[in-house]
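>>> Give the three-dimensional model of this entry:
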Amino acid sequence: MNRIILLGVILSLITVSCTDPSEKIGLEVHPPSDNIIFSDTSSMHWQISETESEDSLKTDNTLALVVGEISNDQVFGHNQAGFYTQILLQENNTEIAENPIIDSVILSYTYLDYYGDLQEFSSINVQRIYQSIHKDSSYYSNSFDITNFGETNWAEEVKILENSNTLRIKLDNALGSSILNLGNETLKDNETFLQSFQGISVSAQAENTMLYLSPDGSNTSFKIYYHYNTSSLDSSLSLDFGLGGDAARFNIFNDKPLSSIVQSEGQRYIQSMGGCKMKITLNNTDSIRGLLLGKVLNKVTMSFSVAAGSQSEYVAHEKLVLVRVDQEGKNKFLLDFSSEGDAHFGGGLFTTEDGIDKYEFNITLYFDELLNNGSYTNELYLLAAGAAVNSNRTILNKDIILTIYHSEL
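Numbering: from 1, shown residues only. The predicted structure follows:
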């Protein structure tokens, strides 16, 4: 059988950049009749898609910590996020004199962004953890039960300071006392300190708010302010702890069974934080191969449209990722991404001239391999990009558009 010639490999030698995935580079020389467009309404029945539950996500040492809750989503149901983190001494051999008096204990984070309504962030739970966590260990979104952090909530007051993008939490002074009372021998270094104080967990109650926190932000800190009653010592002191850098930390999310989604016919669903993804099975590749015999494959795109009205309250993902499933059942990046790069591959949300929000992927290299390489499977997954550090959800129309640009030999 003749192998379909992949002109895209030749075209890749020409330096061309395109940031709009809807732009058809170099295709203006081919008449529209040289395009084959497949959709779900075509007689080819070229694909089957369905919504599936996502597996647990690896969430340790992420660039952002997620905390909050969305309880009013009428489609996706309940969504909650929290995290575990160590707090680390900033200096070794800390010296605390006897009988310190705690003035205040403040936990604060710079927040990078938020999802939902910032004004509906209502309360915070900060609890001490008693199980050691480690920087070099792997943790997943379901490693711990978010509904069973612990018993005592040390948070007394929470403020969101929008002028400085800061989440500020005042903690019970008793937590500061329990740390300082560990004694100087325990506060001499982090290895010793972490044996006695393993860290804290943070969760929240909110109607419609998720905060994305920076563990290395300029306003991120854990501080114990204290003083002494003796006039010979400073009247105002603080012991500072770090929350970024070498501190072990990871996000945890609530379970999101597929049954919690109120699904509508003709729609597919993608949700971050261990929610759901879209599976696509390509069919009738023999028939498609027959249509392309004796033709040059210039470009192949696969596009998805966001359901109208689905972003009225919760915005869709800025970017989605399309991966293939190998023969061992593992997700693999498509060649179009790994060989040609992110800008070439696409996947970012954009709006067409007629006002439709879409995602589009250049899958030319993958499609050529699918038609000509017997080891390639016909299964793809459409996933949320950055699913471990964002709370977005996207509702897509079931109809997927496959466009094949070709020319005669």
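
>>> Find me the pLDDT at residue 14, would you?
The predicted local distance difference test score for residue 14 is 27.

>>> separation between residue 290 and residue 284?
According to C-beta to C-beta, to the nearest Å, residue 290 stands 10 Å off from residue 284. All C-beta spots, glycine's among them, are computed from the backbone N, C-alpha and C.

>>> Show me where the stretch 251-400 of the chain has its helices.
Listed in chain order, the helices of the stretch 251-400 of the chain (DSSP state H, counting those that start in this stretch) span residues 285-291, 335-338, 342-345, 364-372.

>>> does residue 278 really touch residue 54, like I thought?
No: in this structure, residue 278 is not within contact of residue 54 by C-beta atoms under 8 Å, at 10.3 Å.

>>> Show me which of those two is the more surrounded one.
Neighbours of residue 278 and residue 54, each counted by other C-beta atoms under 10 Å, are more numerous for residue 278; the result is 23 against 20.

>>> residues in contact with that one?
With contacts taken as C-beta atoms under 8 Å, 6 or more residues apart in numbering, residue 278 has the following neighbours: 49-52, 268-270, 381-383, 396.

>>> Pipe those residues into JSON lines and attach neighbour count and distance to residue 34 per row.
Supplementary listing: these in JSON lines, determined by neighbours: other C-beta atoms under 10 Å; distance: C-beta to C-beta, whole Å:
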{"residue": "49", "neighbour count": "18", "distance to residue 34": "27"}
{"residue": "50", "neighbour count": "13", "distance to residue 34": "32"}
{"residue": "51", "neighbour count": "21", "distance to residue 34": "34"}
{"residue": "52", "neighbour count": "14", "distance to residue 34": "35"}
{"residue": "268", "neighbour count": "25", "distance to residue 34": "30"}
{"residue": "269", "neighbour count": "24", "distance to residue 34": "35"}
{"residue": "270", "neighbour count": "26", "distance to residue 34": "32"}
{"residue": "381", "neighbour count": "17", "distance to residue 34": "30"}
{"residue": "382", "neighbour count": "24", "distance to residue 34": "27"}
{"residue": "383", "neighbour count": "20", "distance to residue 34": "32"}
{"residue": "396", "neighbour count": "25", "distance to residue 34": "28"}
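
>>> ok, the residues you listed vs residue 143, which is closest?
Compare each of the contacts of residue 278 with residue 143 using C-beta to C-beta and the shortest gap goes to residue 383, at 20.4 Å.

>>> mind listing what the closest one touches?
Counting by C-beta under 8 Å, 6+ apart, the residues that residue 383 touches are 54, 270, 277-278, 320-323, 331.

>>> Let me know the closest of the residues you listed to residue 152.
Of the contacts of residue 383, the one sitting nearest to residue 152 (C-beta to C-beta) turns out to be residue 54, at 32.7 Å.

>>> Surely the closest one is in contact with residue 279?
No: judged on C-beta under 8 Å, residue 54 makes no contact with residue 279 at a distance of 10.8 Å.

>>> So residue 194 belongs to a strand, correct?
No: read with DSSP: H, G, I helix; E, B strand; the rest coil, residue 194 is helix and lies in no strand.

>>> From residue 140, how far out is the residue nearest to it when sequence neighbours are not counted?
What sits nearest to residue 194 in space, not counting adjacent residues and going by C-beta to C-beta, 6 or more residues apart in numbering, is residue 86, at 6.4 Å. For residue 86, the distance to residue 140 (C-beta to C-beta) stands at 18 Å.

>>> between those two, who's got more neighbours?
With other C-beta under 10 Å as the criterion, residue 86 and residue 140 differ in neighbour count, and residue 86 comes out ahead with 23 against 18.

>>> and the gap between the more buried one and residue 110?
As it turns out, when the distance is counted by C-beta to C-beta, residue 86 lies 18 Å from residue 110.

>>> Please apply the same query to residue 197.
Here the distance between residue 197 and residue 110 works out to 23 Å (C-beta to C-beta).

>>> now swap in residue 121 and tell me
15 Å.

>>> Repeat that for residue 307.
The span separating residue 307 from residue 110 equals 34 Å under the rule C-beta to C-beta.

>>> and if you look at residue 196?
Using C-beta to C-beta, one obtains 28 Å as the distance from residue 196 to residue 110.

>>> So if I had to pick from those two, which one is more boxed in?
Neighbour count, other C-beta under 10 Å: between residue 196 and residue 110, residue 110 has more, with 18 against 12.

>>> My guess is the more buried one contacts residue 166. True?
Yes: using C-beta under 8 Å, residue 110 makes contact with residue 166 at a distance of 6.0 Å.

>>> joint contacts of those two?
When C-beta under 8 Å, 6+ apart defines a contact, the residues bordering residue 110 and residue 166 alike are residue 219.

>>> mind checking the longest strand of this protein?
In the chain, taking DSSP state E as the definition, the longest strand is strand 101-116.

>>> Okay, angle between the helix or strand that comes right after that one and strand 101-116 too, please.
Towards the C-terminus, the helix or strand next in line after strand 101-116, according to DSSP states H and E, is strand 121-128. Here strand 121-128 runs at an angle of 130 degrees relative to strand 101-116 (axes from the mean of the first three to the mean of the last three C-alpha atoms, to 10 degrees).

>>> ok, and for strand 121-128, which residues are buried?
Of the residues in strand 121-128, those buried under the neighbour-count criterion (16 or more other C-beta atoms under 10 Å) are 121, 124-128.

>>> Direction included, what does that strand pair up with?
Take DSSP bridges as the rule and strand 121-128 pairs in its sheet with strand 200-206 (antiparallel).

>>> chain center to the strand it pairs with: distance?
Centroid displacement of strand 200-206 relative to its chain, using C-alpha atoms, centre = their mean, to the nearest Å, is 18 Å.

>>> Perfect, I'm done here.
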